[in-house]
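**Q** output the structure for:
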Amino acid sequence: MVENSLVLDALERFYNSLYNNLIKSYKKEKYKSIILWFLEIKGTDRMKIIQNSKIKKIRIQKELFNELNKRMMIKETDNAGEYVITAIGTWFYEKEKNIFSDQKLLEFLDKKYFSTYSDDARLSDKQKIILFSLIAIRSFSEKSSINLKKSEQVLNELEKILRGSYGLLRSLKIVSDMTDEDLFGRKGPEHKVVNMVRHSDDIKKKTKGIYVTIQPQKHYLNIYLNNKIDMEKLKKMFKMVLENIKITSLSIDKICKFCDEIASTKASYLFDLNSHIFHKPEFDNYIRDALITLYQ
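**A** Got it, this is the predicted structure:
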């Protein structure tokens, strides 16, 4: 029986090959654990990355190769003589190196699949932009939900709003610099906006249900209740977007100006104005009041 330390050293080459290809593919490190990372990416991406991580059999000492193969820690690819690490090998390596554990896996699964709401209420930069855009267009009820299946024109207008929101939040140093791919994701068959919103689904948990999704692909903020704006919910949404950034009176003016302009110029493209009431000037004050009371 080959010692585990020697097995681990041999396995490390396969593990590093796969991990380095993950970094290369996504241009940044998302998780230290391959297992965690694989749970959050598309199957087609996983297969491509695995295929690019092959190591030739002849590069591994024979006795160690046989041990890895016998313990099903590596497997042959469609190219004879070329091997990649398996889930068994990845699990063994990460446990031995204290990268991952049974407890960490259970915590991840509990948080992702068994929690109604998220304990970690912090939004990613992308999520802040989406949430702020919904505030700006005043999608405050089901009747004023954005419909990602309505038309190409709606999606194009939403793209402009999202880009504008990103520009404003970046100028206020609320979000960091982002490339087009950072913002909308890698180019695919879907419209950029659909791709962006679809991959930000955990906003619902983080906002504890204020952000609402109705299939197929309708989204809104549930803050208009009993024929009035729930100011506490509106303030909470602003607080989540702006976090602990120090906001000045000048910043408030910039935010209000942007939101008022979006509400007045984009409503006709996005909503049925017979049912959408939030574009009216009387609702401008709610935006300003929420910001002032939050940061006074």
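**Q** only C-alpha atoms, please: export the lowest-mean-pLDDT helix or strand in the chain in PDB.
**A** Every helix and strand in the chain was compared by mean pLDDT, DSSP states H and E; the lowest is helix 102-113, with a mean of 82. Listed next in PDB are the C-alpha coordinates belonging to helix 102-113 (Å, rounded to 0.1, in the frame of the first residue of the first chain):
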ATOM      1  CA  ASP A 102     -18.000  17.300   5.500                       C
ATOM      2  CA  GLN A 103     -19.100  20.200   7.800                       C
ATOM      3  CA  LYS A 104     -18.300  22.900   5.200                       C
ATOM      4  CA  LEU A 105     -20.200  20.900   2.600                       C
ATOM      5  CA  LEU A 106     -23.300  20.600   4.800                       C
ATOM      6  CA  GLU A 107     -23.200  24.300   5.800                       C
ATOM      7  CA  PHE A 108     -23.000  25.200   2.100                       C
ATOM      8  CA  LEU A 109     -25.900  22.900   1.200                       C
ATOM      9  CA  ASP A 110     -28.000  24.200   4.100                       C
ATOM     10  CA  LYS A 111     -27.400  27.800   3.200                       C
ATOM     11  CA  LYS A 112     -28.000  27.300  -0.500                       C
ATOM     12  CA  TYR A 113     -30.900  24.800  -0.600                       C
END
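**Q** change the start of the numbering to 49 and stick with it
**A** Sure, I'll start numbering at 49, so the last one becomes helix 150-161.
**Q** give the next helix or strand downstream of that helix.
**A** With elements assigned by DSSP states H and E, the helix or strand that comes after helix 150-161 is helix 173-185.
**Q** report the buried residues of that next one.
**A** 173-185 (16 or more other CB atoms under 10 Å). (Each C-beta comes from the backbone N, C-alpha and C, glycine too.)
**Q** tell me how far the residue nearest to Ser181 when sequence neighbours are not counted lies from Glu130.
**A** Excluding its sequence neighbours, the residue lying closest to Ser181 (CB to CB, 6 or more residues apart in numbering) is Ser213, at 4.5 Å. As judged by CB to CB, to the nearest Å, Ser213 and Glu130 stand 47 Å apart.
**Q** the two: which is more packed in?
**A** Ser213 (25 against 16; other CB atoms under 10 Å).
**Q** contact partners for the more buried one?
**A** 177, 180-181, 184, 306 (CB atoms under 8 Å, 6 or more residues apart in numbering).
**Q** and the angle for the helix or strand where it lies with helix 173-185?
**A** Element membership for Ser213 (DSSP H and E) is helix 200-219. Helix 200-219 and helix 173-185 are oriented at 110 degrees to each other (axes from the mean of the first three to the mean of the last three CA atoms, to 10 degrees).
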